[in-house]
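this one's sequence-less:
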């Protein structure tokens, strides 16, 4: 039974920032890490930064889900210890959750309480009139929202968006 999940996206090979998120996974006592795509620097060639990320992913393999992003090509398939999914669905408490990268819009799918996506490089918490929650952890590697990089921790009752130095940016009840 999941109690706390760390969610990150759009690392784009920034191993320095991802290492901070990797450490936060352990420091926060998370049960699982979900990466919402665009993990490595390039689609087909491996840099030294990608090797560093790959080592961390291998250590997380038993607690890791990776959703395929629009920049995840052969390298991501070869380097991922768990494979890549187009979407990932899970339940946390009484909430049905769907995870996807965001370059394909799944937000109109019915039956979910929380829609988790990346791709935009902007963190997001939005609740619509029907009570559906749309979340984006932002970007670890190349944020476009004025932050130094962000990730998210999701628990049964709260969502927290933090920067890579572990400063809380936003905390909401869900």
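Looks like it arrived, so ask away. All figures in this text were calculated on a predicted structure; none of them were measured in a lab.

please make it C-alpha for all contacts and neighbour counts, starting now.
Will do.

give me the local confidence score for the most centrally placed residue in the chain.
For the chain, residue 8 is the residue whose C-alpha lies nearest the centre (Cα atoms, centre = their mean; 2.5 Å). The score at residue 8 is 98. That number is its pLDDT.

474 is where my numbering starts, stick with that
Happy to do that; since the first residue is 474 now, the last one works out to residue 481.

list phi and psi for it.
With angles defined as degrees, to the nearest 10, residue 481 sits at phi -140, psi 160.

how much space separates it from residue 604?
Distance, residue 481 to residue 604, by Cα to Cα, to the nearest Å: 23 Å.

now the least confident helix or strand in the chain by mean pLDDT, how far from the chain's geometric center?
In the chain, no helix or strand scores lower on mean pLDDT, DSSP states H and E than helix 547-552, which sits at a mean of 75. Distance of helix 547-552 from the chain centroid (Cα atoms, centre = their mean, to the nearest Å) equals 18 Å.

can you pull up the bridge partners for the residue nearest to the centre of the chain?
Counting by DSSP bridges, residue 481 forms beta bridges with residue 508.

shouldn't it be in contact with residue 512?
No - under the criterion of Cα atoms under 8 Å, residue 481 makes no contact with residue 512, lying 9.6 Å away.

who touches the residue lying closest to residue 623 once chain neighbours are set aside in this structure?
Nearest-residue entry for residue 623: residue 636, 4.2 Å, with adjacent residues in sequence omitted and distances by Cα to Cα, 6 or more residues apart in numbering. Counting by Cα atoms under 8 Å, 6 or more residues apart in numbering, residue 636 touches 620, 621, 622, 623, 624, 642.

could you pull up phi and psi at residue 636?
When read as degrees, to the nearest 10, the backbone of residue 636 gives phi -80, psi 170.

and it, how far from residue 620?
Look at residue 636 and residue 620: by Cα to Cα, they are 7 Å apart.

run a quick neighbour tally on residue 542.
26 (other Cα atoms under 10 Å).

where does pLDDT dip in the chain?
515-518 (pLDDT under 70).

just the helices in it please.
Ranges of helices in the chain, per DSSP state H, are 488-500, 521-533, 547-552.

residue 609: which of the ones you listed is closest?
Residue 609 lies closest to helix 488-500 among these, at 15.4 Å (Cα to Cα).

run through who's touching the closest one.
For helix 488-500, the external contacting residues (Cα under 8 Å, 6+ apart) are 479, 484, 506, 522-523, 525-526, 529, 613-614, 622, 624, 637-639.

pick out the most distant pair among those residues.
Checking these with Cα to Cα, the most distant pair is 523 and 639, at 22.9 Å.
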